[in-house]
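Trainee: coordinates only, sequence not included:
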């Protein structure tokens, strides 16, 4: 059955800072995070239950729609219920409720009704109690039919509390947050009620998945990006602008390296890597992470490859060896990127941390440039690329044997 989502944004914050749904989490509104979590879980459309539309909420809806998320606005519970098919599965977010993607995935994997729950050992919070040992984490999976029937008998009662009681009465499947502790679930279940709660949700969002990143990003650029992202997190700055800045820095490095200004070119490439890492982290915090093989990453890698060719061409007066080494390295890196993509698609696996990427090649070349031993440096790049390809190819062969 198709999946949809219902998100409420009617409660005022306890500290008088406006609607809970418009409180800032990772530089965007809380309701955006809820909607993006729903879309990531597979929701085909999202219905927002609101009583009024302040500017912050209108801007959030515009951004969601711009990113291709189908969003409808309902002004009453009855209006919201009418927007779901009776057989449709509906992921329900209570006002201010948020959890990690892993917990939501476990919630929707199975039949409705289902409830995301917290045991007695969970951190305290304003969670509604189900029984003596269990509290509701604020997320539920119901059918459109159950939602409609609940709204029909609602009267003056609270929608979410009434829906919770009906789900409990229907012996809803319970998904305990603690069951995901051993599955890498780091983001806790939260009910945001104030700016303080929104700040806590922002801090929890920094537990982003770093799988698939190379060692430069994991060990150098990633930690640096965590320091830099605080400067832009609460600003109206799109993550893709930072990543375009990374491409621009790589493009500026091309003429510098063609003229033989190698150190300037390499510094520009390092700056571009910092821009790109900060942009990727900002996108991840806002739940719009880019895949390692997205177009922006390919664009920056292409510009870096042209810079390497430009420097090799600058050295061609001393023989064709630099150009041959540069072309060979680029060809092997393209083949490695293709094999890594196949590895992810077929087995969900990533290459070892030390395997080369474009940023790793830049960092390897830096010490050779500093001592003006660029020809051995080009040779080292080729060897590093070839070793990386061999390892990825061997892992892919092993995966093929397992699947056979």
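Mentor: Structure received. Note that the coordinates shown come from a computational prediction; the quantities given were computed from them, not determined experimentally.
Trainee: and the longest strand belonging to the chain, average pLDDT?
Mentor: Longest strand in the chain, counting residues (DSSP state E): strand 134-143. Across strand 134-143, the average pLDDT comes to 87.
Trainee: who does that strand touch, helix- and strand-wise?
Mentor: For strand 134-143, the packing partners by 3 or more Cβ pairs under 8 Å, 6 or more residues apart in numbering; DSSP states H and E come out as strand 89-93, strand 97-98, helix 101-108, strand 114-118, strand 128-131, helix 159-169. For glycine as for every other residue, the C-beta is placed from the backbone atoms N, C-alpha and C.
Trainee: the fourth one versus helix 159-169: what angle between them?
Mentor: Just to be clear, that refers to strand 114-118. In terms of direction (axes from the mean of the first three to the mean of the last three Cα atoms, to 10 degrees), strand 114-118 departs from helix 159-169 by 100 degrees.
Trainee: partner strands of strand 114-118, parallel or antiparallel?
Mentor: As defined by DSSP bridges, the strand partners of strand 114-118 come to strand 134-143 (antiparallel), strand 173-176 (parallel).
Trainee: list the buried ones in the shortest one?
Mentor: Going back to what we said before, that points to strand 173-176. 174-176 (16 or more other Cβ atoms under 10 Å).
Trainee: could you do stretch 367-375 as well?
Mentor: Using 16+ other Cβ under 10 Å as the burial criterion, the residues of stretch 367-375 that qualify are 368-369, 374.
Trainee: now those residues in a markdown table, with distance to residue 42?
Mentor: Formatted as a markdown table, these follow (distance: Cβ to Cβ, whole Å):
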| residue | distance to residue 42 |
| --- | --- |
| 368 | 48 |
| 369 | 48 |
| 374 | 50 |
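Trainee: just those: which are in helices?
Mentor: Per DSSP state H, helices hold the following members of those: 368-369, 374.
Trainee: okay, those in JSON lines with distance to residue 323 and pLDDT next?
Mentor: Formatted as JSON lines, those follow (distance: Cβ to Cβ, whole Å; pLDDT from 0 to 100):
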{"residue": "368", "distance to residue 323": "17", "pLDDT": "90"}
{"residue": "369", "distance to residue 323": "17", "pLDDT": "87"}
{"residue": "374", "distance to residue 323": "13", "pLDDT": "85"}
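Trainee: nearest to residue 85, of those residues?
Mentor: Of all those, residue 369 has the smallest distance to residue 85: 62.2 Å, by Cβ to Cβ.
Trainee: tell me who's in contact with that closest one.
Mentor: 262-263, 266, 377 (Cβ atoms under 8 Å, 6 or more residues apart in numbering).
Trainee: what two of those have the greatest distance between them?
Mentor: Of all pairs in those, the most separated under Cβ to Cβ is 263 and 377 at 12.3 Å.
Trainee: neighbour count: these two, which is higher?
Mentor: Neighbour totals were compared for residue 263 and residue 377, and residue 377 leads with 22 against 13 (other Cβ atoms under 10 Å).
Trainee: could you measure from the closest residue to the more buried one other than its chain neighbours over to residue 378?
Mentor: The shortest distance from residue 377 to any non-neighbouring residue, by Cβ to Cβ, 6 or more residues apart in numbering, is to residue 368 (2.8 Å). Taking Cβ to Cβ, to the nearest Å as the measure, residue 368 falls 8 Å from residue 378.
Trainee: what distance separates the strand or helix carrying residue 388 from the centre of its chain?
Mentor: Using DSSP states H and E, residue 388 falls within helix 374-403. Computed by Cα atoms, centre = their mean, to the nearest Å, the chain-centroid distance of helix 374-403 equals 28 Å.
Trainee: domain parsing for this protein?
Mentor: Following automatic domain parsing, one gets these domains for the chain: 3-204, 215-403.
Trainee: quick one: the strands in this structure?
Mentor: Counting by DSSP E, the chain has strands at residues 3-9, 24-25, 28-29, 46-50, 71-74, 89-93, 97-98, 114-118, 128-131, 134-143, 173-176, 190-191.
Trainee: tell me what the second one is packed against?
Mentor: Using 3+ Cβ pairs under 8 Å, 6+ apart as the contact definition, the elements that strand 24-25 packs against are helix 30-41, helix 195-204.
Trainee: what strands line up against it, and which way round?
Mentor: Strand 24-25 has its sheet partners listed here by DSSP bridges as strand 28-29 (antiparallel).
Trainee: which residues does the partner strand contact?
Mentor: Taking Cβ under 8 Å, 6+ apart as the rule, strand 28-29 contacts 21-23, 56-57, 59-60, 63, 286.
Trainee: pLDDT value on the residue nearest to residue 217 when sequence neighbours are not counted, please?
Mentor: Leaving aside its chain neighbours, residue 217 sits nearest to residue 277 (5.7 Å; criterion: Cβ to Cβ, 6+ apart). Listed pLDDT for residue 277 reads 89.
Trainee: before we move on, what about residue 56?
Mentor: The confidence metric pLDDT takes the value 80 at residue 56.
Trainee: and the nearest residue to residue 80 once chain neighbours are set aside, how many neighbours?
Mentor: With Cβ to Cβ, 6+ apart as the criterion, residue 80 has its nearest non-adjacent residue at 3.7 Å, and that residue is residue 74. For residue 74, the count of nearby residues is 17 (other Cβ under 10 Å).
Trainee: dump the residue contacts of residue 74.
Mentor: Taking Cβ under 8 Å, 6+ apart, we find residue 74 in contact with 47-50, 80, 83.
Trainee: which two among the residues you listed are spaced furthest apart?
Mentor: Checking the contacts of residue 74 with Cβ to Cβ, the most distant pair is 50 and 83, at 13.1 Å.
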